[in-house]
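Participant: dropping the sequence and predicted coords here.
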Amino acid sequence: MSVVDRQEWDVVVVGAGGAGLRAAIEARERGARTAVICKSLFGKAHTVMAEGGIAAAMANANENDNWRVHFRDTMRGGKFLNQWRMAELHAQEAPQRVWELETWGALFDRTKDGRISQRNFGGHEYPRLAHVGDRTGLELIRTLQQKIVALQQEDFKETGDYESRLKVFQECTVTRVLKEDDRVSGVFAYERESGRFFVLEAPAVVIATGGIGKSFKVTSNSWEYTGDGHALALLAGAPLLNMEFVQFHPTGMVWPPSVKGILVTESVRGDGGVLRNSEGKRFMFDYIPDVFKDKYAETEDEADRWYDDPDHNRRPPELLPRDEVARAINSEVKEGRGSPHGGVFLDVSTRMPAEVIKRRLPSMYHQFKELADVDITAEAMEVGPTCHYVMGGVAVESDTAAARGVPGLFAAGEVAGGMHGSNRLGGNSLSDLLVFGRRAGWHAAEYAAGPAGARPVVDDGQIDSAAAEALRPFSAEAQIEEPKGGPPENPYTLHQELQQTMNDLVGIIRREPEMKQALEKLGELRSRARRAGVEGHRQFNPGWHLALDLRNMLLVSECVARAALERTESRGGHTREDHPGMDRKWRRINLLCALTDPTGGPAATDPVRGQITLTRETTEPVRADLLALFDKEELVKYLAEEELYE
Amino acid sequence: MSSYEARFKVWRGDAQGGGLEDFEVEVNDGEVVLDIIHRLQATQTPDLAVRWNCKAGKCGSCSAEINGRPRLMCMTRMSVFDREETITVTPLRAFPVVRDLVTDVGFNYAKAREVPSFVPPADLGPGEYRMMQEDVDRSQEFRKCIECFLCQDTCHVVRDHEENKQAFAGPRFLMRVAELDMHPLDAAAESGLDRKSTAQDEHGLGYCNITKCCTEVCPEGIKITDNALIPLKERAIDRKYDPLVWLGSKIRRRSSAG
């Protein structure tokens, strides 16, 4: 059967967002022939939706800033669960990654003296986010896209072929990472346009597929975010780390229903916007947790003075890390102090002149005007939490971005776990993409060129079973199922049920019985998904594409639900109503998800057993010189007794 | 909150041909055309091909022609239409159809490759770039482009003249030339590349007769004609016809060659 087209590359990058493109640039510049595969058109990846900025301690806006302060903020934001070496590398290298973008043509907003302007954001001690209005992600993706084109132009001059060393396979989906014994041998993919299968053979594969938000009903994420990379890694035998940590961004649109979940950038608050409940009260002052008590203003006056005089006043509590703000909004709504459409009010109209709003928040002005008939220069926005980001992901080596357990597999960006601990600070994502995208590309290229990267042999049997798996939805109707099998299922219906389940039962506030119920439901959906059938043929068939993406969403959702049930504490993007406090004993515990049946056999449908096995792992102690950056009194709040005395 | 049944005509088919199909479909308060297309997929035509991504007007994927006008489906609210009106959705006309509402936009990626990239100044390292906000404003306006290609679709130079595609980059990529030309630190000139004259000579700026159709359809509100194309034309003309500029360019070229 395997008459599938095959091509040889040195490095294959799956995903063309910020991390994937940065990885591809690096790999190609280090001499590896590099292929990039992405589900959308080149330049449309989810990164374009990032609004606020790129966090990097360049100290352009406040000279006191440096990588140590950024590192501290990142660890605090992640409630000390971060893979600290990643947080260290990230804080150290982010400025170089931003400056490098300028040499590729990026045009950031400027300070008065002509340097890159930096704005305030939640959890960052100093103004730190390099930005372009509220469309920073677009600038990032376009700059990387144009850098790729520049490299292709160089290759064209030399070889007469734009794609001789760096090629983008756009609108293609990878369904399996292929292996020779333990190590990576390539990927199996299909072209969305034609439905044609193909294999890219390569010793090194970088996964940079982003997140999982499409498993939730209310999300700021685009259709691409079906957890493909998380699932590809799991299926290839690489464990996922701390999948219970899902960030609900505090401010998504809540009305009209069709746009529910679309992001309202944190810059609105960074630039002076405030949150109010239906009584007109700035409620965030009531929600400052103990660990942050001394860093946030206690009165509106102090908070308002901070914008002009940050050295002598404390920050407004609207700028607490996202998990805190999202939970606060959730409580206000629950206690009946919400806005008419079930959110709270976010107001800039009384805080800044209309002209300033339009200049600093042009996309937000446009978005509310066009989609909700709301003029944000004249009235408050209604906002509520929306599923935004997954902190959990592929467990990687900090320095090399190599996935644990599978030689030749690398992961960077949102799909990789560890960097952000239990909660990501705004602005730390774009910098993460650049820092670890580059590192993944670098180490993938190095691996591919080294002795371990000798050309692997791609097994025909694996290609055949990958092809059969991908074709399954077309024959679902004809399949003879066991008696209780039932009729073919509509993939769109299954997807909606999955989203509702995750939203309601494993959402922002979690409870044990609900998560158990979610696992039951996921088991049921898993067996029904095996009967997901599609009409038509393979040419650009969205029903078929969704049927295939369901496998990934179901796998990842089970990881989230299982890990969330296991972690009996509340920390960052994981809030347990039945275990409301942060427990220092859990700080050292990582939860790893692995496939229960690594032979890749048919998915288990038993909800109790499921497809995922959890293991606990004790984390490596934080290096002493990094711990020394914090006050002892602060560390006491996070670290277990025994860690403090080690 | 009220819902109603709307009448839609959606083009279905592929490179071999196709036609408009009629649908009746539910519409709820606040919805956009893309919501309705998704509802058709979920309830009536699971294999209806459509490209989309962010559904927030930021990625430029869901371009189509709605009642004949190039628009983003995610930013076209149903409330702008009369409830009695039949809404017709067709693929972008200037590009070959792949299937249903999906077209082959490869033309644009080919043109993107023909525009020489940003040339970094040789004497400045990373972190040493200094630019004033007022000097980057103009290029930043052009960098708001989300590459939805609606301007490329509507531009009559290629919309009705397939044969012009070879010589004409289209508004999006002429604007890219303008963006680089107006970048305060682009060192193309130092490397012997005159972006203004290439706009004319290599990217077909002369075909544009400033009817401003591109500006009208731009979902980002970029003044493509006024701020990019006309200034580029003026400068290109200055270059061509100003004898001093002409002489200067010859001298510089000679000295850089020597």
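Facilitator: The structure has been received and is ready for your questions. As the structure is a prediction and not an experimental result, all values here were calculated from the model.
Participant: use CA for all of it now, contacts and neighbours both
Facilitator: Will do.
Participant: can I assume A:Gly536 is in contact with B:Asp47?
Facilitator: Yes: between A:Gly536 and B:Asp47 there is a contact under CA atoms under 8 Å: 6.3 Å.
Participant: same drill for the two, tell me which one is more crowded.
Facilitator: With neighbours defined as other CA atoms under 10 Å in any protein chain shown, A:Gly536 and B:Asp47 compare such that B:Asp47 has more, 22 against 14.
Participant: tell me which stretches of the stretch 351-500 of chain A form helices.
Facilitator: Using DSSP state H, counting those that start in this stretch, the helices of the stretch 351-500 of chain A run over residues A:354-360, A:362-372, A:428-449, A:460-475, A:491-505.
Participant: so who does B:Asn67 touch?
Facilitator: Counting by CA atoms under 8 Å, 6 or more residues apart in numbering or on different chains, B:Asn67 touches B:87-90.
Participant: what about it, distance to chain A?
Facilitator: 19 Å (CA to the nearest CA, to the nearest Å).
Participant: pLDDT wise, what is that residue at?
Facilitator: With respect to pLDDT, B:Asn67 scores 97.
Participant: same thing with A:Pro607?
Facilitator: Looking at A:Pro607, its pLDDT stands at 57.
Participant: again with B:Asp242
Facilitator: Note for B:Asp242: predicted pLDDT of 61.
Participant: again, but for B:Glu234
Facilitator: B:Glu234 is assigned 87 on the pLDDT scale.
Participant: checking it next. Helix, strand or coil?
Facilitator: Put simply, B:Glu234 is helix when judged by DSSP: H, G, I helix; E, B strand; the rest coil.
Participant: and for it, the neighbour number?
Facilitator: Here the number of neighbours of B:Glu234 (other CA under 10 Å) works out to 12.
Participant: for the stretch 51-200 of chain A, which residues are neighbours of chain B?
Facilitator: Selection of the stretch 51-200 of chain A residues close to chain B by CA under 8 Å from any CA of the partner chain yields A:96, A:99-100, A:102-105, A:107, A:109-115, A:135, A:138-139, A:146-147, A:149-150, A:153, A:193.
Participant: OK, contacts around B:Ile230?
Facilitator: So B:Ile230 contacts B:Ile210 (CA under 8 Å, 6+ apart).
Participant: give the contact list for the nearest residue to A:Glu569 once chain neighbours are set aside.
Facilitator: In this structure, A:Glu569 finds its nearest non-sequential neighbour in A:His579, 4.9 Å apart by CA to CA, 6 or more residues apart in numbering or on different chains. When the contact criterion is CA under 8 Å, 6+ apart, the partners of A:His579 are A:568-570.
Participant: try it again with 10 Å
Facilitator: If you count contacts by CA atoms under 10 Å, 6 or more residues apart in numbering or on different chains, A:His579 has them with A:510-512, A:567-571.
Participant: returning to that earlier point: the contacts of B:Asn67 in strands, which ones?
Facilitator: Among those, the ones falling in strands (DSSP state E) are B:87-90.
Participant: which among these gets closest to chain A?
Facilitator: B:Thr90 (16.2 Å; CA to the nearest CA).
Participant: make sure the closest one is actually in contact with B:Glu65.
Facilitator: Yes: judged on CA atoms under 10 Å, B:Thr90 makes contact with B:Glu65 at a distance of 5.1 Å.
Participant: quick check: neighbours shared by the two?
Facilitator: Contacts common to B:Thr90 and B:Glu65, judged by CA under 10 Å, 6+ apart, are B:Leu101.
Participant: can you pull out the helices in the stretch 1-150 of chain B?
Facilitator: Counting by DSSP H, counting those that start in this stretch, the stretch 1-150 of chain B has helices at residues B:33-43, B:106-114, B:133-143, B:150-154.
Participant: which strands and helices sit next to the third one?
Facilitator: When contacts are defined as 3 or more CA pairs under 10 Å, 6 or more residues apart in numbering or on different chains; DSSP states H and E, helix B:133-143 sits against helix A:136-159, helix B:171-182.
Participant: which among the ones you listed is found nearest to B:Leu205?
Facilitator: Closest to B:Leu205 of these, according to CA to CA: helix B:171-182, at 7.0 Å.
Participant: that closest one - what's its average pLDDT?
Facilitator: In this model, helix B:171-182 carries a mean pLDDT of 98.
Participant: spatially central residue in chain B, please.
Facilitator: The residue lying closest to the centre of chain B (CA atoms, centre = their mean) is B:Phe149, at 3.3 Å.
Participant: kindly apply the preceding question to chain A instead.
Facilitator: For chain A, the residue sitting closest to the mean C-alpha position, by CA atoms, centre = their mean, is A:Glu414 at 3.4 Å.
Participant: what residues does it make contact with?
Facilitator: The contact partners of A:Glu414, by CA under 10 Å, 6+ apart, come to A:18-19, A:207-212, A:229-230, A:389-394, A:420, A:429-430, A:432-433.
Participant: what pairs with the residue nearest to A:Glu569 across the strands?
Facilitator: Going by DSSP bridges, A:His579 is paired in beta bridges with A:Arg576.
Participant: hmm, back to that, who wins for neighbours among the contacts of B:Asn67?
Facilitator: Counting neighbours by other CA under 10 Å, B:Val89 leads the contacts of B:Asn67 with 25 neighbours.
Participant: measure it to A:Ala91 for me?
Facilitator: 48 Å (CA to CA, to the nearest Å).
Participant: cool, and B:Gly30?
Facilitator: Look at B:Gly30 and A:Ala91: by CA to CA, they are 42 Å apart.
Participant: for A:Val3, same thing?
Facilitator: Applying CA to CA, one obtains 48 Å for the distance of A:Val3 from A:Ala91.
Participant: before we move on, back to that, among the contacts of A:Glu414, which are in strands?
Facilitator: Cross-referencing the contacts of A:Glu414 against strands under DSSP E gives A:207, A:389-390, A:393-394.
Participant: residue contacts, the closest residue to B:Gly127 other than its chain neighbours?
Facilitator: In this structure, B:Gly127 finds its nearest non-sequential neighbour in A:Trp99, 4.9 Å apart by CA to CA, 6+ apart. By CA under 10 Å, 6+ apart, the contact list for A:Trp99 reads A:56, A:58, A:106, A:116, B:125-129.
Participant: before we move on, what about B:Thr86?
Facilitator: B:6-9, B:22-24, B:67.
Participant: how about 8 Å then?
Facilitator: So B:Thr86 contacts B:6-9 (CA under 8 Å, 6+ apart).
Participant: partners of it in the sheet?
Facilitator: B:Arg7.
Participant: ok, A:Val3 and A:Ala91, which is more surrounded?
Facilitator: Shown here are A:Val3 and A:Ala91; by other CA under 10 Å, A:Ala91 has more neighbours (26 against 10).
Participant: my read is that one is in a helix, agree?
Facilitator: Yes: under three-state DSSP, A:Ala91 sits within a helix.
Participant: identify the residues contacting the closest residue to it other than its chain neighbours.
Facilitator: Setting aside the residues directly before and after it, A:Ala91 is nearest to A:Trp67 in space (CA to CA, 6+ apart), at 4.9 Å. Shown in contact with A:Trp67 (CA under 8 Å, 6+ apart): A:56-57, A:88, A:91-92.
Participant: now with 7 Å?
Facilitator: A:57, A:91-92 (CA atoms under 7 Å, 6 or more residues apart in numbering or on different chains).
Participant: ok, of those residues, which one's closest to A:Asn242?
Facilitator: Proximity of the contacts of A:Trp67 to A:Asn242 was ranked by CA to CA; the top entry is A:Ala91 with 21.5 Å.
Participant: perfect, I'm done here.
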